[in-house]
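>>> fold the following and give me the result.
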Amino acid sequence: MADRIYLRHSTDKQTDARQRHALAALLAAGAPVYEDPATSTRQLSLDRVGFTRLLHEAAVGDTIRIADAARLFRSVADILALRPVLIRRGLHLRVESGLLSGIDLASDDPGTKMMVSVLAAVLEFQRAMISENTREGVAAAEAAGKTLGRPAALSVAAGQAGPRADRAWLRSACRVNGGPGGAVCA
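Numbers count the residues shown, from 1 in each chain. The predicted model follows:
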């Protein structure tokens, strides 16, 4: 009966530092770590590469440890698909921090089933609110005339000048400095 750690974060800009902090004792004890970095919660946990590997390597009686429930699931559909798999394989699922810490979310009793369903509904609502707030923020920025998206790599003038401007700059640099960065031009 081993502990197995699962880590997930949603974007390349996020880290798993908070999760690692919550799971520090297990990490120090050498529990194996399974990760799904930059993975959306819209992808069901059973379809994620890291979590699938964890399931294949886990033995009956092993415990999957997560920092918080939102790292594994954020929808009713996801937890309702996941729980029977965990129960059938004889695995335990424990959240290490927050309100649900210490409770086996894969326990097959009516109270746990009800609690997990309510939790999943709250997490799904939270995800929907984040999406709604993002859409409203984008709409407000557009209404204020802000330019959205990634900044252009070239200025408008440089983009309009095209490659000829680059060649002219290079010829000028060769005459003045012996070449770009002092290099000799042929």
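
>>> show me the contacts for Ile5.
Applying C-beta atoms under 8 Å, 6 or more residues apart in numbering, we find Ile5 in contact with 23, 26-27, 31-34, 64-66. (Glycine included, C-beta is placed from N, CA and C.)

>>> Pro32 versus that one, what's the distance?
Plainly put, Ile5 is 7 Å away from Pro32 if you go by C-beta to C-beta, to the nearest Å.

>>> the lengthiest helix in the chain - contacts with which helices or strands?
Identified as the longest helix of the chain according to DSSP state H is helix 110-143. Packing partners of helix 110-143 (3 or more C-beta pairs under 8 Å, 6 or more residues apart in numbering; DSSP states H and E): helix 76-89.

>>> so for stretch 25-37, what gets flagged as buried?
By neighbour count on 16 or more other C-beta atoms under 10 Å, the buried set for stretch 25-37 is 26-27, 33-36.

>>> so how far is it off the chain centroid?
17 Å (C-alpha atoms, centre = their mean, to the nearest Å).

>>> what's that stretch in contact with?
For stretch 25-37, the surrounding residues in contact (C-beta under 8 Å, 6+ apart) are 2-9, 12, 16, 20, 23, 48-51, 53-54, 57, 65, 96.

>>> export it as PDB, just CAs?
The C-alpha coordinates for stretch 25-37 follow below in PDB (Å, rounded to 0.1, in the frame of the first residue of the first chain):
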ATOM      1  CA  ALA A  25       6.000  15.300   3.700                       C
ATOM      2  CA  LEU A  26       5.000  12.800   1.100                       C
ATOM      3  CA  LEU A  27       7.600  14.100  -1.400                       C
ATOM      4  CA  ALA A  28      10.300  14.000   1.300                       C
ATOM      5  CA  ALA A  29       9.300  10.300   2.000                       C
ATOM      6  CA  GLY A  30       9.900   9.500  -1.700                       C
ATOM      7  CA  ALA A  31       6.400   8.900  -2.900                       C
ATOM      8  CA  PRO A  32       6.300   8.600  -6.700                       C
ATOM      9  CA  VAL A  33       5.000  11.700  -8.500                       C
ATOM     10  CA  TYR A  34       2.800  11.700 -11.500                       C
ATOM     11  CA  GLU A  35       2.300  15.000 -13.300                       C
ATOM     12  CA  ASP A  36       0.100  16.600 -16.000                       C
ATOM     13  CA  PRO A  37       1.600  20.100 -16.500                       C
END
